[in-house]
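1. fold the following, please.
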Amino acid sequence: MRARIGDRLAVGEGRIGEVVGVPSADGAPPYIVKWLKDGHIAMVFPDQYARLIPGGEPVTTGGSGDAA
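-> Alright, predicted model coming up:
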């Protein structure tokens with residue numbers, strides 16, 4: 001998993017955050033994420049169930065399994 005600033009991180013059911021910092025030069029975790037729901041900023045080391053959504057792509061939610 002490699003992220004860039006502006007990507008979104010989807011974790012669990014409906015928890016989506018914007019990547020606002022990537023301390024590693026190669027884009028590897030952990031990431032600094034601002035959660036969209038409450039604005040909380042945290043350093044996150046995503047697990048195997050997390051998804052990165054490239055900046056500019058729509059975030060899909062629903063029961064099809066392609067959403068977080």
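2. just give me the residue closest to the centre of the protein.
-> The centre of the chain sits closest to L9, judged by CA atoms, centre = their mean, with a distance of 0.9 Å.
3. mind checking the SS state of it?
-> strand (DSSP: H, G, I helix; E, B strand; the rest coil).
4. I'd guessed it sits against I16; true?
-> Yes - between L9 and I16 there is a contact at 7.1 Å, judged by CB atoms under 8 Å. Bear in mind the C-beta positions are built from the backbone N, C-alpha and C, glycine included.
5. okay, now the sheet partners of the lengthiest strand in the chain, with direction.
-> Assignment by DSSP state E gives strand 15-21 as the longest strand of the chain. According to DSSP bridges, strand 15-21 has the following sheet partners: strand 8-11 (antiparallel), strand 31-35 (antiparallel).
6. now for those, which one comes closest to L52?
-> L52 lies closest to strand 8-11 among these, at 6.0 Å (CB to CB).
7. what does the closest one rub up against?
-> Strand 8-11 is contacted from outside by 3, 16-19, 31, 33, 36, 44, 46-47, 49-53, 55, 59, 67-68, using CB atoms under 8 Å, 6 or more residues apart in numbering.
8. alpha carbons of that strand, as PDB, please.
-> Output in PDB follows, covering the C-alpha atoms of strand 8-11 (Å, rounded to 0.1, in the frame of the first residue of the first chain):
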ATOM      1  CA  ARG A   8      -8.500   8.800   0.800                       C
ATOM      2  CA  LEU A   9      -8.200   5.900   3.200                       C
ATOM      3  CA  ALA A  10     -11.300   3.800   3.800                       C
ATOM      4  CA  VAL A  11     -11.300   1.700   6.900                       C
END
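9. any idea of the mean pLDDT in it?
-> Strand 8-11 carries an average pLDDT of 96.
10. so for it, what gets flagged as buried?
-> Under the neighbour-count criterion of 16 or more other CB atoms under 10 Å, strand 8-11 has R8, L9, A10, V11 buried.
11. now these in TSV, with distance to D26?
-> Shown next, in TSV, are the buried residues of strand 8-11 (distance: CB to CB, whole Å):
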residue	distance to D26
R8	19
L9	17
A10	21
V11	21
